[in-house]
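A.B. asks: sequence and predicted structure, then a few things I'm wondering about:
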Amino acid sequence: MPEDTGPRRIILGVTLLIVVLLAFALARNLGDRGVYYLRVAEVLEGEDAEGQPTRVAGLINEESIDYREEEEFLSFTVHDPGGDNHLPVEYSGEMPEAITEQEQVVLEGSMEGDAFQADRLMFQCPSQYEEELEE
């Protein structure tokens, strides 16, 4: 039996331990956050979502947009495509340019009471990409 069998076993054992620890850390950090975003209905149904960081996608209800410039406060509602559920959204900050021209939005924030407190607004405008494809 070669003399270096002992060190090889130690290196193999340490490597295996590192792989197991990395897999555990990855699984723990991802948890239920493997979903990119939730639908409006899922957020409204979630009873334990209060205060939890959440990402929500929906369609903007253009008639609901209300911006108070002096307070830098924006509120509007979003809904699922074809859905009757409407989620009130509140956002503090400057009003995003051309919000009325956007159709879809992905929100990052958390539910606080009856409204979703958005920390970040990410707009998706399919018509913009369709124009680029036509050119």
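C.D. replies: Looks like it came in fine. Numbering: from 1, shown residues only.
A.B. asks: let me see the contact set for the residue nearest to Tyr36 when sequence neighbours are not counted.
C.D. replies: Spatially, and ignoring its direct neighbours in sequence, Tyr36 is nearest to Arg55 (6.7 Å; C-beta to C-beta, 6 or more residues apart in numbering). Heads up, the C-betas are built off the backbone N, CA and C, glycines and all. Taking C-beta atoms under 8 Å, 6 or more residues apart in numbering as the contact definition, Arg55 lies against Tyr36, Tyr37, Leu38, Val106, Leu107, Glu108.
A.B. asks: what's Arg55 sitting at in phi/psi?
C.D. replies: Summarising the backbone geometry of Arg55 under the convention degrees, to the nearest 10, its torsions are phi -120, psi 130.
A.B. asks: I'd like the distance between it and Val89.
C.D. replies: Relative to Val89, Arg55 is positioned 13 Å away (criterion: C-beta to C-beta, to the nearest Å).
A.B. asks: with that, I have no additional questions.
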